[in-house]
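S.K.: sharing a model that was predicted from the sequence below.
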Amino acid sequence: MAQIQTSELPMLLGELERIKGTILVRIVSPHPQRLAENLVGPGKFLTVSEVVERFHVTPKWLYRHKKQLPHSQPSRKVLLFPEQPLLQWFQKRC
């Protein structure tokens, strides 16, 4: 097994959450292929941990404001944010 640097762990966890979200969408969606293509295509989705790291907000803040933010919640435990619309949302508020 390859050694993983401690500094790489947050990125690895974010990628695992993205993969987990894609799998959950495929499981619960009546058209899993179409939705999965949206997740891995040009419109990348960010996990909560990725948004926290990139935009310097807390997970608590994200969950409190999710109704105002562009997001997708394919299941109760997965919250995903489309990268470009979220970036535009934050740019409008700064």
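M.R.: Ah, there it is.
S.K.: next, residue 66: phi, psi?
M.R.: As for residue 66, its main-chain torsions (degrees, to the nearest 10) stand at phi -60, psi -30.
S.K.: thought it was touching residue 79?
M.R.: Yes - Residue 66 lies in contact with residue 79 (Cβ atoms under 8 Å); the separation is 6.5 Å. C-beta here means a position set from N, CA and C on the backbone, and glycine is covered the same way.
S.K.: which of the two has more residues huddled nearby?
M.R.: Taking other Cβ atoms under 10 Å, residue 66 and residue 79 do not tie; residue 79 has more neighbours (22 against 14).
S.K.: show me the residues around residue 70 that make contact.
M.R.: For residue 70, the contact set (Cβ atoms under 8 Å, 6 or more residues apart in numbering) comprises 81, 82, 85, 86, 89.
S.K.: change it to 6 Å
M.R.: 82, 85, 86 (Cβ atoms under 6 Å, 6 or more residues apart in numbering).
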